[in-house]
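Undergrad: Coordinates for the following, if possible.
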Amino acid sequence: MGHYDEETLVEGEKMGIKRESIEGIPHRQLFIELVELLETKLARSYLKFIPDYICEKLTHAIEESMKHGKLGLLAILYFGSELIVPQIYSYILDGLRLSMGLSNDEAKFFILHIDMDKDHADSLREIIVANCRTKAERLVLVKCTRLLLEARVSFYDSVLKYGSEMSEPVVDVHATDRRCFSDIASRTNILHMCRDHIKGATVLDVGCGTGHLSRELLNCGATKTVGVDISSDMIEAANIHPGKNRTEYYVVGDAAQLKLELLNTTNQTNLMPGAGFDMGVFDITVASFLFNCMSITEMNQCVGDIHSLLKPGGHFIFIVPHPAFNSGCGIESRKYFADRDRLSEQQINDELKTNTYCKTLQDYTDAAITSGFEIVQLEEVRTTPTATNLIVKLRKSGEIASRNNANALNMLPKKLTWSKAAMKHPHNAFIVNIPVEVKEELYEAAMSAYEDGVSVDELDAAGYFPVDSFTALRSFSVSVRNSLLHETGLVLLKGLDLDTFSAMDELADPDQVVACSKLAYYIICSHIGTVDGSARGKLFDVKNNHINAMDGKNDNVLFSVSDCEASWHTDGASKDKVYDCVGLLCINPSRVGGKSKITNSCNAFDQIENILPKFIMHELTRPIPRDILENGKGRGNDNIGTQLSRADSIMHLRISYNSYPIYVTQKGRMRFRYMRHWIETAHQKVHWRLPTMLRIAMDVLDDTLTEGCCFYERLERGDILICNNSCVAHGRDAFQDVPGQPSRHLVRAWMQCHGVDLYEASKR
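TA: Model (predicted):
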């Protein structure tokens with residue numbers, strides 16, 4: 001070791017690496033010199049205290065791989081070291097340069113390894129190929145490689161865990177304004193909580209200070225950070241930092257008006273204003289020692305804005321001084337409750353004091369829950385003998401529409417109208433044949449899941465199958481989702497042969513075919529959007545349960561479980577819940593009746609607006625009460641709890657609350673939510689007369705929707721009909737099942753697609 005060719009030595013000198021500092025010196029010695037340098041800069045050493053668990057799994061993986069002889073050694077050298085070390089060391093090197101300002105000469109150990117290991121990997125690759133001629137040899141290599149890579153991940157996770165355990169407060173040299181806490185320690189703990197979500201993430205750093213945490217998050221794999229801080233001096237320091245790159249953005253703003261501040265500074269942060277601000281633009285939000293500087297009212301407003309700005313499924317991690325151990329108003333001071341929302345002086349460490357708003361633990365949890373967050377993790381961290389911090393990890397629901405703003409104007413879907421050509425030739429406009437390669441992926445995946453005993457309710461399509469299982473389906477699903485949200489709003493997928501499942505298994509019975517069909521259907525729906533199973537399960541069987549939904553005596557009965565005619569409608573009758581798209585898979589078509597009909601509610605609105613007087617048109621745009629449909633099977637009031645909740649006095653209150661417009665429109669966006677039957681039964685149950693103007697408006701609406709109907713057909717076996725639930729109205733004729741023939745059986749799925757669409761667009 002320590003021997004280099006002349007070209008390497010010359011290139012090193014050009015980079016500032018002295019020839020005499022590397023020539024003839026073993027790499028082990030260069031590593032020891034680097035460690036000693038870092039310990040000197042940090043004024044501390046962890047070397048004597050490194051616990052065994054950090055290297056335990058990696059050591060075990062190497063020992064196990066060596067048992068496989070030559071192939072195990074090759075796995076260790078190539079896949080476990082030379083192939084991946086250049087990338088790993090590049091990240092470590094960038095982090096050390098940014099956090100400690102290492103020169104090239106000081107970082108020569110990493111620079112040499114990154115360059116040389118790339119060459120070593122190229123040489124080893126030929127040896128690997130020569131020694132993996134048989135399938136058995138390749139399987140051994142794969143087994144060892146997997147063991148080694150998992151051990152590598154465990155090693156770095158353990159290093160991060162150890163760092164969080166040993167963390168101490170570090171005050172940024174720029175943090176002269178002691179009201180700002182964002183550059184005080186425990187960053188390691190925040191990074192640890194972010195690790196599972198950080199790769200490729202867009203991050204919002206609220207109370208960012210000089211941007212130290214933002215830079216660390218970028219080093220950990222984030223693709224973009226936006227920092228907001230009330231101190232103009234802090235933001236100036238962040239913007240002039242020598243390590244700042246083109247994906248870091250910092251703006252001055254008050255966290256108590258976070259959303260407004262970001263909307264007003266989109267030209268500085270490269271964020272796109274519009275509906276995305278309510279759908280979510282960030283994957284992760286962090287706030288380091290922010291809320292202790294805000295009143296409870298300001299904190300609640302800030303947390304609400306953060307929830308709105310996060311993408312569905314996004315995470316919010318914040319750290320505050322532990323409220324129970326606050327030196328000014330903690331439990332020991334006996335002012336824990338008495339001094340809520342009052343300013344108190346708090347000792348941060350031996351040198352730093354500041355004023356902080358006293359809060360209880362419940363103040364923090366209430367702010368999170370009220371805003372709609374799920375509390376994922378709480379962690380208490382003692383950083384010094386006198387300082388304990390609380391770190392909280394929250395998650396935003398994966399559903400698109402939040403409970404309290406399902407009808408917010410800036411969340412409205414795009415208004416999609418149909419051309420005359422599309423309505424004249426609907427088969428050309430709406431029918432899409434599923435490609436052969438997509439069908440093959442679906443057939444194979446569905447059969448595999450069925451053979452493993454996995455049902456739809458147990459299946460997570462994103463995690464159950466290998467990552468490369470649906471290459472063709474992923475691409476196809478993007479085009480379908482684009483049609484649903486941005487083009488026609490209606491897609492009829494054809495070509496899925498359900499009988500293939502019986503051909504694949506000669507012993508398959510009808511129940512197996514249905515189960516496999518549902519699995520294939522769920523897989524394709526879960527790629528188009530997120531299947532929403534919160535109300536009636538992931539998939540709902542639409543078939544006759546011999547209950548008359550039109551009979552006023554049958555309360556809380558869905559048309560989906562009846563053979564009655566279903567008039568023009570969209571799915572979902574709750575004020576607090578909207579579904580982006582609704583899908584129907586036909587397993588068995590109806591024999592008599594049961595034709596599906598489709599029309600465009602946006603076209604209907606444009607026509608009605610031109611013919612109705614404004615005072616009648618108003619009936620379609622004002623809040624209108626709807627009947628209450630309980631979650632579940634929709635077959636009536638089958639338990640005592642449902643019966644009690646539907647008592648007359650309670651239903652009056654529930655129906656009064658469950659009021660929303662048929663149409664909501666604004667600047668090229670529209671949401672249509674309608675089923676006349678639920679409007680009429682709502683009025684009957686609270687003993688209100690249906691207003692004459694509303695009845696006239698709905699008569700005109702029904703007639704206009706019928707005139708615009710361009711699709712009136714019976715679905716065939718294997719057809720999948722998917723509608724945009726905000727722009728397309730659908731219905732069906734009454735039907736009859738024929739004795740001795742398979743009963744009509746469709747399967748419905750509700751999908752949330754806008755959040756998936758935004759996420760995919762952000763990646764592009």
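
Undergrad: For stretch 691-698, buried residues please.
TA: Neighbour-count burial for stretch 691-698 flags 694, 697-698 (criterion: 16 or more other CB atoms under 10 Å). To be clear about C-beta, it is placed using only N, CA and C from the backbone, and glycine gets the same treatment.

Undergrad: whoops, stretch 358-365 was the one
TA: 358-360, 363-364.

Undergrad: which pair in those spans the largest distance?
TA: Pairwise distances across these peak at 12.0 Å for Cys358 and Tyr364 (criterion: CB to CB).

Undergrad: Ramachandran coordinates for Tyr4?
TA: Dihedral pair for Tyr4: phi -130, psi 150, per degrees, to the nearest 10.

Undergrad: And the helices in the stretch 401-550 of the chain, which stretches?
TA: Secondary structure of the stretch 401-550 of the chain (DSSP state H, counting those that start in this stretch): helices at 420-424, 426-430, 436-451, 461-464, 471-482, 500-504, 510-528.

Undergrad: In JSON lines: those, plus distance to Gly221.
TA: JSON lines is the format used below for the helices of the stretch 401-550 of the chain (distance: least, CB to CB, whole Å):
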{"stretch": "helix 420-424", "distance to Gly221": "44"}
{"stretch": "helix 426-430", "distance to Gly221": "41"}
{"stretch": "helix 436-451", "distance to Gly221": "29"}
{"stretch": "helix 461-464", "distance to Gly221": "20"}
{"stretch": "helix 471-482", "distance to Gly221": "22"}
{"stretch": "helix 500-504", "distance to Gly221": "41"}
{"stretch": "helix 510-528", "distance to Gly221": "25"}
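
Undergrad: Now do the helix or strand containing Arg748 against helix 471-482: the angle between them, please.
TA: According to DSSP states H and E, Arg748 maps onto strand 745-752. Counting by axes from the mean of the first three to the mean of the last three CA atoms, to 10 degrees, strand 745-752 lies at 80 degrees to helix 471-482.

Undergrad: now the angle between helix 510-528 and strand 745-752, please.
TA: Using the same axes, to 10 degrees, the inter-axis angle of strand 745-752 relative to helix 510-528 is 20 degrees.

Undergrad: Residues touching strand 745-752, excluding its own?
TA: Strand 745-752 has contacts (CB atoms under 8 Å, 6 or more residues apart in numbering) with 312, 398-401, 514, 517-518, 521-522, 525, 528-533, 535, 538-543, 560, 571-572, 579-588, 715, 722, 725.

Undergrad: from these, which would you call buried?
TA: Buried members of the contacts of strand 745-752, scored by 16+ other CB under 10 Å, are 312, 399-401, 514, 517-518, 521-522, 525, 528-532, 535, 538-543, 560, 571-572, 579-588, 715, 722, 725.

Undergrad: Give the next helix or strand downstream of the lowest-mean-pLDDT helix or strand in the chain.
TA: Least confident helix or strand, the chain: helix 276-279 with a mean of 59, by mean pLDDT, DSSP states H and E. Scanning forward in sequence from helix 276-279 by DSSP H and E, the next helix or strand is strand 282-288.

Undergrad: What residues sit buried inside the next helix or strand after that next one?
TA: Next helix or strand after strand 282-288 toward the C-terminus (DSSP H and E): helix 296-309. If you call a residue buried by 16+ other CB under 10 Å, then helix 296-309 has these buried ones: 296, 298-309.

Undergrad: same check, this time on stretch 309-329
TA: Neighbour-count burial for stretch 309-329, counted by 16+ other CB under 10 Å, picks out 309-323, 325-329.
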